[in-house]
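>>> fold the following for me, if possible:
(chains A, B and C, ligands or ions: 4)
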Amino acid sequence: MTEKIKLYDDSKCTACRGCQLACKQWNALAASQTENRGTYQNPPSLNANTFLLIHYQDYVDKEGNVKWLFRKEACMHCTDAACVTVCPSGALHYNKATGTVGLDHDKCIGCKECVAACPFEIPRWDAATDKVYKCDMCESRIMNNMEPACVKACPTGALSWGPKEKMLKIAAKRVEKLGGNATTYGDKYVKGTHFMYVLKENPAIYADIHKDPSVPLSVTLWKGLLKPLSLLAAGGVLGGAFLHYMIHGPKYPDLPKDENTEGGK
Amino acid sequence: MTNHWVDFKNSDVILIMGSNPASNHPVSWKWIQHAVDNRGSKVICVDPRFTQSASKAHLYAPLRSGTDIAFLGGMIKYIIDNKLYFEEYVKNYTNAAFLVNPAFKLPGDNKGVFSGFTNGKYEKDTWSYQTDGAGVIRKDPTMKNPNCVFQLLKKHYSRYTPQLVSKICGTPVDKLIEVYKLYGSTGRPDRAGVDLYAMGWTQHTVGTQNIRTMCMIQLLLGNMGVAGGGVAAMRGESNVQGSTDHGLLFHIWPGYLGTPSGSLATLKAYNEKRTPKTKEANSLNWWKNFPKYSASFLRSMYGMNMGLEEAYAALPKVDDGANYSWLSLFDQMYKGKFTGFFAWGMNPACSGAHSNKVRQALGKVDWMVNVNLFDNETGSFWRGPGMDPAKIKTEVFMLPCAASIEKEGSIANSGRLQQWRYKAVNPVGDSLPDGDIMSEIFFKVKELYEKKGGPHKEAITRLTWPYGKMAGKHFHYDPRKVAAEINGFFLADKKVENPTKKGEFKEFKKGDLVPTFAWLQDDGSTSSGCWVYCGSVTADKGILPMRRDTADPTGLGLTPGWAWSWPVNRRIIYNGASVDLNGKPWDPSRAVISWNGEKWTGDVPDGAGDPGKGRPPFIMKPDGVASLYGPGLADGPFPEHYEPLECPVEKNLLSPQKNNPVIKRFDKPGVGSDLDVYSNVGTCDPRFPFICSTYRVSEHWQTGVLTRWCPWLAEMQPGMFVEIGTELAKEKGIKNGDRCIVSSARGEVECSAIVTPRFKPFDIDGNMIHEIGIPWHFGWITTKDRTYSPGDKKAEVFTHGDSANLLVPTIGDANTMIPESKAFMANVAKKGVK
Amino acid sequence: MQKGYVQVTDSYERILHWMLAISCLLLCVTGLGMMFQTFNFIGYLFGGLKSLKLVHNFTGLVFAASLILVIRMWWKEAGVFVFPEDLEWIKVAGGYLWHVDKVPETGKYNPGQKLFFLTVVGAGILMIITGLIMWFPTALPAGLVRWMYPLHALGFVAIFAFFFIHLYLGTIGNPGTVPAMLTGWMDRAVLKKQHPGWLKEMEHEGKLVVYGEEKKSGAHGHHA
Ligand code: SF4
Ligand code: SF4
Ligand code: SF4
Ligand code: SF4
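Ligands and ions are numbered 1, 2, ... in the order given. So this is what the prediction gives:
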């Protein structure tokens, strides 16, 4: 496996939304009726037909300098993906060639377990199909040696795609060049994401960003502890009952043998 | 564009002023980012609003809409005061040393106008140069003579002090200086700067002068003709360059040949008038070839069906002094002067300034043909808001046409690059390529003229139309044939002397393609539909715009084998100015052309004669040098700051002349109509206290007639919004997302409020002045609440609101009549609140 | 039916009991099918994982409904402990786990059954609440919804364990009690040993329905 990473560099993103459009086009996703609510950002949030959303944010720093921050939100393709961990059907899976996280809609049963588990709140459930949707890193493209559609569409080079080691180096170099509060985002979490950011500003100031995302404790508890525990409990109870029966035997009421009855006569 | 899109990567300083490429020319940012990443280039953004481009710029400076000349005039002063100009370049390649008529007066000494202002117009006799007995212009190479262009320039802009400019523009002085300093740094031979402009500069009553000011700066800094330099007119539509080249505008024929006026009765008179003359010994004066281009154009129209004079007589002329620009056309239409009207790939009901007037005007014609992909606000104007269909007599015909991907053809982009496009899919339904529709109409009209006769019937009946053949019931137009016609042919066997090698002759056969425009003839033996495109189709290599070679020998991104650019595949025009008098590139690391001892290498040289021979490089100018002093324009040889017609200030701080003195006011008796009203012209009008500017977003295109029907795009930008500064919103009790009414003296539109710190109030001479901004892509046809008749197409995703142009005044630039949509006065209020 | 048998449950009770029991079993099985990918094969029994999910979700509704009715029905008899009798019984664990000579008298349901009942009620309610939230996860913040999964699993562990203990004790581990929930009749002698308190009370109140004897009054059972 050559792990691959899609890198988003917000210092180069002009919010042209070529990527958002390309994602819709490649994945043949429907548009929804929206309205301007006082921002360029639309649809308001990710949804079953929007796997990629450019965020727009006015920001005034302490010195009163105005900034316009953009951020591309999409599945982070975690190395330790809570969604894959919880997915009961195997619909969510690791792509063995790239380490990204694919989603096989034929398998998805719409249980929405991934919806709650994802530390980045990515998967979105659709009532009409009773399935969950998210960016699959354009699996149909990357498995055919093409870059993801959003990367292809990006005119500025804010999006790029390549082998993990190389991209990590590029990201580190870029952060160094940008200086100031610039930092990478993604590589430090969930054992490293396959979609990561270079952020020019301190991550804390980006609206709706997940600060310190990790595989939720609940998922670890559940899948790491309770799952085996329940197996153990189930096994234990069955085994215990068997043992009890073997050693102790059934408990009959103290009655004359002939009056004893079995079952519903 | 003097250069081309890829050339942005060669710039050291990129000044974004009068445009917002991050939003509106998104792909251009590829090259801007390239420059930043690889050259360490700096990006400056000057805009009333903190735009997407500003968000990526290294330096942002706000300025009040309509004050660009003040801002740039200040820059000229700074460049001169601090000796940042490129002296050798200025001295040799511009008219800086020319001596001007001593009677010429600058506005500073003449109540805000140049000498010669009478009856709302300039008499230009005092604007002339001093000449010696032989008619040669007198010069002072030391540039010290008080009447020389350089000294006049210096004097003129000495009034534009940073303090005064700051009071006019609302730009803090320190920001001004920061911009001046950074951009002025490109005056060094080893640095280049470019300005990217678009409608932010053109749509003003001083639009042409806005651009001229920048051109002058570029000349002072030696940035014209060099890689990474130039002035980049980023076209708002992929083929506007092509349409201008091919004479879409009223004042020019294809190839920038001025449209003849009625008083020029003969071709001879026309050529005489249009062919510039010079007494400058070394000047090539390329336009001396004018008669060759006019003759070849006439031949492309009528072939050998008519003689040249006859052909000239057949073509329509404009009335002397008449103006046929958009504003005038719709004014006349509103006054009932038109019978019929073709809206071809246009949506004037939304794109026309003062759209209410335009919509009314459409009701005054007998018929209208709307050629478009979709129904639009123009075709359906009769059932639009406020219209009573019963009272409208206009009969509307809808001709559906093919989209760009449904037909073959070419476009010419801002970089003058003509690129071929192939057909991908068949047209939908009954729609046809525009060429087919035009051909059908042509043959029908021709037939009618032949049968019934009529005035000037030969103008139509004797046109040549060898562009295709009948395919079933339709005449199928072949764009490849048109491409060849544009290039031009020899119409007779002829032996011609090689224009670049005296004494060498070449034989041409009738029907041969003309190799380049240098071979065009004035005797009617050649044709060329548009001389600047001559050389784009060759006998051996075919249609050059089809080429797809990405090789880049110079490393400057010239890619000479990719498509074809006019003229003669030159990628950077005026590149003769990128080398010194001895032919050495000013900046060898960025050499556009260089002399290898025998010939020029690199780009196709422009104006460069053999090194050392003293030929001045701006060969399209009669005197061979670029014009710091430009006596050709209607409103003055130097740009001067005038306030927009509708403006928030009582007076022009620079002079007693408030507005551009030579603009055509439509509110004057006998000029416009009852609908042409303005506010804030003489005194401030409290009803409309805010400056309003229109602009575009990435997601929509023009009036949105194509993009509003695309659900993905409508989803991202679903309707009219108004961007309002946080301070103003607070004052007006408007919250983010509130529905608001933006109104002007001419109309109103409903918008959603985007309350943002990105719009800051301006401190204009101590007054707090607010500006608001609205996009112009919307229209009622794709809204939800309009009435729908059975069979009407509904947008998959509805948009909200109507055209921003409902608010824009009928007032245009003094030279081009482009409407002033970037600075007019308006009000904004929460919906339902007065 | 033999003479001397006593009617201990009516049909309403029994139907509810089995609704609860079957839905519970079905939920356990389908739940397992979703919880472990290794158990995905269970999905095939239901025509695919997707229908398995649907079966689970809607069975959950049946379970919820049954549980509510069951609580209303049995709360008085099985939901509250009575002291000191129940305590006594607990001390000897009802004689289930080891043989005791004398089982302390208890009501109709002994504390073991009460404990079971309360566990089912508690865990059941937990399962219903967490389950519903999991069904509609977007209604609440993800941070909260996430915790429903371990809770649901925890509830499952509890219910599953108790379910099998109950199943075991009620069947092979404790013969004679199955008929009570199948036919509704039970041997008076067994009753006397296992639920002497209830028997006495019923006798005292004259509500006892004995097979072959004329009914003394309306059958015991549900009065809702
Ligand atoms: S971001 Fe969420 S959906 Fe994407 S891989 Fe990580 S856990 Fe899964
Ligand atoms: S909703 Fe689909 S993808 Fe998500 S966990 Fe359930 S089965 Fe897997
Ligand atoms: S990788 Fe593909 S699916 Fe994912 S955001 Fe980009 S375009 Fe959309
Ligand atoms: S395409 Fe690139 S520049 Fe445009 S919004 Fe997406 S990431 Fe940003």
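>>> for the residue lying closest to residue B:188 once chain neighbours are set aside, give me its contacts.
With sequence-adjacent residues excluded and distances taken as CB to CB, 6 or more residues apart in numbering or on different chains, residue B:188 is closest to residue B:86, at 7.4 Å. In this view, the C-beta of every residue, glycine as well, is placed from N, C-alpha and C. Residues near residue B:86 by CB atoms under 8 Å, 6 or more residues apart in numbering or on different chains: B:187-189, B:220-222, B:586.
>>> 7 Å - rerun?
B:187, B:189, B:221-222 (CB atoms under 7 Å, 6 or more residues apart in numbering or on different chains).
>>> in CSV: those residues, plus distance to residue C:143, pLDDT and neighbour count.
Shown next, in CSV, are the contacts of residue B:86 (distance: CB to CB, whole Å; pLDDT from 0 to 100; neighbours: other CB atoms under 10 Å in any protein chain shown):
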residue, distance to residue C:143, pLDDT, neighbour count
B:187, 59, 97, 22
B:189, 62, 95, 18
B:221, 58, 98, 27
B:222, 62, 97, 28
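>>> tell me the predicted confidence for the residue nearest to residue B:188.
pLDDT for residue B:86: 98.
>>> greatest separation within the contacts of residue B:86: which pair is it?
B:189 and B:221 (10.1 Å; CB to CB).
>>> quick check: residue B:586 touching residue B:576?
No - using CB atoms under 7 Å, residue B:586 makes no contact with residue B:576, being 11.7 Å away.
>>> pull the number of nearby residues for residue B:194.
31 (other CB atoms under 10 Å in any protein chain shown).
>>> do you know how far it is from residue B:15?
In this view, residue B:194 and residue B:15 are 7 Å apart by CB to CB, to the nearest Å.
>>> out of the contacts of residue B:86, which one sits closest to ligand 1?
Closest approach to ligand 1 among the contacts of residue B:86 (CB to the nearest ligand atom): residue B:221, at 50.3 Å.
>>> so stretch A:204-216, near chain C or not?
Yes - using CB under 7 Å from any CB of the partner chain, stretch A:204-216 reaches chain C at residue A:216.
>>> pLDDT of that stretch, averaged?
Here the average pLDDT along stretch A:204-216 is 93.
>>> using PDB, write down the CA coordinates of that stretch.
Provided in PDB are the C-alpha atoms of stretch A:204-216 (Å, rounded to 0.1, in the frame of the first residue of the first chain):
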ATOM      1  CA  ALA A 204      -8.600  27.600  17.200                       C
ATOM      2  CA  ILE A 205     -10.000  30.600  15.300                       C
ATOM      3  CA  TYR A 206     -11.600  28.700  12.500                       C
ATOM      4  CA  ALA A 207     -15.300  28.400  13.000                       C
ATOM      5  CA  ASP A 208     -16.800  24.900  13.300                       C
ATOM      6  CA  ILE A 209     -13.400  23.200  13.200                       C
ATOM      7  CA  HIS A 210     -12.900  20.200  15.500                       C
ATOM      8  CA  LYS A 211     -10.400  21.100  18.100                       C
ATOM      9  CA  ASP A 212      -8.400  18.100  19.100                       C
ATOM     10  CA  PRO A 213     -10.500  15.500  17.400                       C
ATOM     11  CA  SER A 214      -9.900  11.900  18.500                       C
ATOM     12  CA  VAL A 215     -11.700   8.600  18.200                       C
ATOM     13  CA  PRO A 216     -14.500   9.200  20.800                       C
END
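>>> now do that stretch: distance to the chain's middle.
Between the centre of stretch A:204-216 and the centre of its chain there are 13 Å (CA atoms, centre = their mean, to the nearest Å).
>>> gap between the nearest residue to residue B:460 once chain neighbours are set aside and ligand 4?
Setting aside the residues directly before and after it, residue B:460 is nearest to residue B:449 in space (CB to CB, 6+ apart), at 5.1 Å. Using CB to the nearest ligand atom, to the nearest Å, residue B:449 is found at 53 Å from ligand 4.
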